[in-house]
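>>> pasting the structure only:
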């Protein structure tokens, strides 16, 4: 598999969100908070998907990741921080499809934990499907991915 597409999947893939199963039960107030967090995370995820489809994910890094975020691609070295993540994504080809679906989201204060699936299709038509696990952190700018790993 092309390393550039693998990076995109990783990039893409770890922004998980879309409509999916719940966020852990509980009282009505907690459900409302979880629903609000899910909506905010989904908006960030849609922004990430759009940047992958446009072939410009490096331009969206600050809007998606915390400044000290760590990306943990399968079989590759970890990448930490905005500059390193953007550098790793430079020159990405536009994807034909990029979709991240959160299957489970749990919120605990300033952190949210999401796991789900992703599906991306590279410019050569090769499709990649996999799973991801993300830790999101609430910042002054909103929810951002703080740690992400995928297969």
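Nice, I can see it. Since the structure is predicted, the reported quantities are computational estimates derived from the model, not experimental observations.
>>> in which helix or strand would I find residue 39?
helix 28-54 (DSSP states H and E).
>>> Go through that helix and flag the buried ones.
Buried residues in helix 28-54, defined by neighbour count with 16 or more other Cβ atoms under 10 Å: 34, 37-38, 40-42, 44-45, 48-49, 51-53. (C-beta placed from N, C-alpha, C; glycine too.)
>>> Run through the neighbouring helices and strands of it.
Here helix 28-54 touches helix 3-12, helix 61-64, strand 97-108, strand 111-121, strand 142-150, going by 3 or more Cβ pairs under 8 Å, 6 or more residues apart in numbering; DSSP states H and E.
>>> Just the pLDDT at the closest residue to residue 123 other than its chain neighbours, thanks.
Spatial nearest neighbour of residue 123, chain neighbours left out: residue 93 (4.7 Å); criterion: Cβ to Cβ, 6 or more residues apart in numbering. Among the per-residue scores, residue 93 holds a pLDDT of 94.
>>> One more: residue 3?
48.
>>> same question, residue 34
86.
>>> likewise residue 30?
pLDDT, read off for residue 30, is 53.
>>> The one 10 residues further on now?
Listed pLDDT for residue 40 reads 97.
>>> quick one: the residue nearest to residue 127 when sequence neighbours are not counted and residue 58, what's the gap?
Distances taken as Cβ to Cβ, 6+ apart place residue 121 nearest to residue 127, at 4.8 Å, with adjacent residues excluded. As for residue 121, its distance to residue 58 is 20 Å (criterion: Cβ to Cβ, to the nearest Å).
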